[in-house]
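**Student:** Below are the sequence and a predicted model for it; my questions follow.
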Amino acid sequence: MKITKKVILLDAPFSGTRVRLCTAEGSTKWGIYAWTLADGCASVDVDWGDGTHETVAGDANALTHDYGRAGRFAAVIGDGVSSLRLSSPSATSAFGTTYPAMVRAVASNAQLLETFDVGMLFNSVNLGSVDFRKTRIATLGANCFRGCTALSTLDGLPRSIETLGARAFYDCTGLTGRVDFPNVRYTTATVGAVSMPFANCTGLREIHFAAAHEDEIRSWKAFEADPKLGALSATVYFDLV
């Protein structure tokens, strides 16, 4: 008797940042809003996932691609970027309002990636999973996950994060349970405004930081109620080592 074992192959290893997309009729244009090249890198390769790719020299702004049809695609952005933004915080941008909704999942093993720029995945309402554990990201820009209502966990973020941007997770109503940030020490906010990176995360119950960073974190205006953003739903703990 011949015995066979069914093996489900996972995604092949990739180099860079993979973005899973789902385009629809009349909404087939996607792109990278901005990137900054890492030191020593002159260009970056983008594989659009439909058999086409391009190599772009220097920093980029609003690099777009039209898939021409509805379907599922996996775009891969090469290793050589230090900061990245995949969507615009403005609904009036060239990408319009359909652009963020195309993004389903993002994963990266780009070890040169250090910063998620302002509005990195702003309003990506269908974003269900992220995996950046192999990167060395230290900074999350303002509004970078704002409005990602389908995101239920932050387990895919690296422990290397030190700075949370203002409203970084604002309106992430799908987050539940607890989140841990063992190396976070700072937050950012506009002058005179509160930061509130977790405002309106109504399902979140606990936010944990390192005990060693308590004095620094308490100096933020990170958890004060704001007339526009509301109050924090979760309890903040300083108990990580």
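**Tutor:** Happy to help now that I have it.
**Student:** can we go C-alpha only for contacts and neighbour counts from here?
**Tutor:** Noted.
**Student:** Can you tell me the strand partners of the longest strand seen in the chain and which way each runs?
**Tutor:** Counting by DSSP state E, the longest strand found in the chain is strand 29-37. When sheet partners are counted by DSSP bridges, strand 29-37 sits next to strand 60-66 (antiparallel), strand 81-85 (antiparallel).
**Student:** For the protein, which residues score under the pLDDT cut-off?
**Tutor:** For the chain, residues meeting the criterion pLDDT under 70 lie at 1-13, 88-98, 190-193.
**Student:** distance between stretch 201-221 and the chain's centre?
**Tutor:** 20 Å (C-alpha atoms, centre = their mean, to the nearest Å).
**Student:** for stretch 172-188, that is, sorry about that
**Tutor:** 13 Å.
**Student:** Tell me the buried residues in it?
**Tutor:** In terms of neighbour count (16 or more other C-alpha atoms under 10 Å), stretch 172-188 has its buried residues at 172-176, 178-188.
**Student:** cool, and stretch 69-86?
**Tutor:** Across stretch 69-86, burial judged by 16+ other C-alpha under 10 Å covers 72-86.
**Student:** now swap in stretch 225-240 and tell me
**Tutor:** Buried, per 16+ other C-alpha under 10 Å, within stretch 225-240: 229, 231-234, 238.
**Student:** hang on, S233 packs against T202?
**Tutor:** Yes. Checked against C-alpha atoms under 8 Å, the pair S233 and T202 is within contact range at 5.7 Å.
**Student:** re earlier: any chance of the strands paired with strand 29-37 in TSV with distance to I207 as columns?
**Tutor:** Output for the strands paired with strand 29-37, formatted as TSV (distance: least, C-alpha to C-alpha, whole Å):
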stretch	distance to I207
strand 60-66	34
strand 81-85	25
